[in-house]
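A.B. asks: Sequence and predicted structure below; questions after.
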Amino acid sequence: MSARMQLTDVSIRRGDRVLLSQLSCELHAGEITVVLGPNGAGKSSLLLAIARLIEASGSITLAGRPLANFSRHELTGQISWQGELPPTEFGLTVQQRLELAGTDAKDEIESVATGMDINHLLSRPLGQLSSGERQRTELAALMLRDTPLWLLDEPTAHLDLKHQIQCIEMLKSQRDKGRTIITVLHDLQQAMAIADHLILIDGRGGAEHGEAAGLFDPARMTALFSASLRQQGALLVPDYGEKT
Ligand SMILES: Nc1ncnc2c1ncn2[C@@H]1O[C@H](COP(=O)(O)OP(=O)(O)OP(=O)(O)O)[C@@H](O)[C@H]1O
């Protein structure tokens, strides 16, 4: 599994806004890159551009080859995507959704269903699940897609605390198997727990990137989010003030 990705002078414009201006960075196989920034900054747009679903200028290469030269079929074999919960109107069951993800091997499906705690839901229609149950189904479907690069847009959305931890553990173990993971997160603690590399998008076209350890400082994060944060041990947490 190898998915070194190189972005050179990547700029993204949507409508009349420049979301990203000339971002250059290298993402290595077996690393998790977390994309952070305020609402509307362009995090999802960056993932969409990497998946070649929206236009971007500059160059993006995957394993040394320009993304623009991949056929759509080849890209599907390289990139898996997790985004907003997909529609449920086709009446699929959880089992059928997992089969559609790429395998009907019963033991593989059972194994990921166990990993995501959805074994008891396999025969249920997707439309009858809670949002968290559906999110876990999408994460299980992702695990069945054996592509070198994963693009994830808020994988812990809708999940309760137990399943947020399970998802974070799953991402770490996939990283350790050599998968390249680029994920948008809003939770700083989750980001600090898994990020090897950070891309910070400021919402005004600017972006910084680098090793996570060097970028998680209170002043930088406070400025990025225009939000009050405080240090709690090694963690940075939102400052909700005292209980009144
Ligand atoms: N199809 C579109 N046409 C024009 N502008 C768009 C389009 N889709 C999104 N945008 C705008 O692009 C900007 C960036 O959107 P994007 O979804 O990338 O932000 P984000 O950082 O992922 O935000 P959030 O944290 O709220 O999910 C937003 O201002 C959004 O309104």
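C.D. replies: In hand now; what should we look at?

A.B. asks: got a list of what residue 129 touches?
C.D. replies: Counting by Cβ atoms under 8 Å, 6 or more residues apart in numbering, residue 129 touches 94, 121, 137. Where C-beta positions appear, they are placed from N, C-alpha and C, glycine not excepted.

A.B. asks: same thing but at 10 Å, please
C.D. replies: 85, 88, 94, 118, 121, 135, 136, 137 (Cβ atoms under 10 Å, 6 or more residues apart in numbering).

A.B. asks: Could you do residue 225 as well?
C.D. replies: For residue 225, the contacting residues are 36, 37, 38, 39, 41, 186, 188, 200, 202, 203, 238, by Cβ under 10 Å, 6+ apart.

A.B. asks: element containing the fifth one?
C.D. replies: For residue 41, there is no enclosing helix or strand under DSSP states H and E.

A.B. asks: isn't it right next to residue 19, touching?
C.D. replies: Yes - using Cβ atoms under 10 Å, residue 41 is in contact with residue 19, at 7.0 Å.

A.B. asks: Check the contact lists of these two and give me the overlap.
C.D. replies: Common contacts of residue 41 and residue 19, defined by Cβ under 10 Å, 6+ apart, comprise 201, 203, 204, 205, 207.

A.B. asks: Could you list which of those residues belong to strands?
C.D. replies: Under the assignment DSSP state E, the shared contacts of residue 41 and residue 19 contribute 201, 207 to strands.

A.B. asks: which helices and strands sit right next to the longest helix seen in the chain?
C.D. replies: For the chain, the helix with the greatest residue count under DSSP state H is helix 161-176. With contacts taken as 3 or more Cβ pairs under 10 Å, 6 or more residues apart in numbering; DSSP states H and E, helix 161-176 sits against strand 32-36, helix 106-115, helix 131-143, strand 149-153, strand 180-184, helix 188-194.

A.B. asks: Quick one: residues in contact with that helix.
C.D. replies: 1, 29-32, 34, 112, 115-118, 132-133, 135-136, 139-140, 142-143, 150, 152, 155-160, 179-181, 183, 185, 187, 189-191, 193-194, 196.

A.B. asks: Select only the buried ones of these in PyMOL?
C.D. replies: For the buried members of the contacts of helix 161-176, the matching PyMOL selection, counting by 16 or more other Cβ atoms under 10 Å, is:
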select buried, resi 29+30+31+32+34+112+115+116+117+118+133+135+136+139+140+142+143+150+152+155+156+157+158+159+179+180+181+183+185+187+190+191+193+194+196
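
A.B. asks: Stretch 82-94 and the ligand, are they touching?
C.D. replies: No - Stretch 82-94 is not in contact with the ligand by Cβ under 6 Å from any ligand atom; minimum separation 9.4 Å.

A.B. asks: can you give me the end-to-end distance of that stretch?
C.D. replies: 16 Å (Cα to Cα, to the nearest Å).

A.B. asks: model confidence over it, on average?
C.D. replies: If you average the pLDDT over stretch 82-94, you get 85.

A.B. asks: ok, and for it, which residues are buried?
C.D. replies: 82, 83, 92, 93, 94.

A.B. asks: Mind picking the one among the contacts of residue 129 that's closest to the ligand?
C.D. replies: Closest approach to the ligand among the contacts of residue 129 (Cβ to the nearest ligand atom): residue 85, at 13.9 Å.
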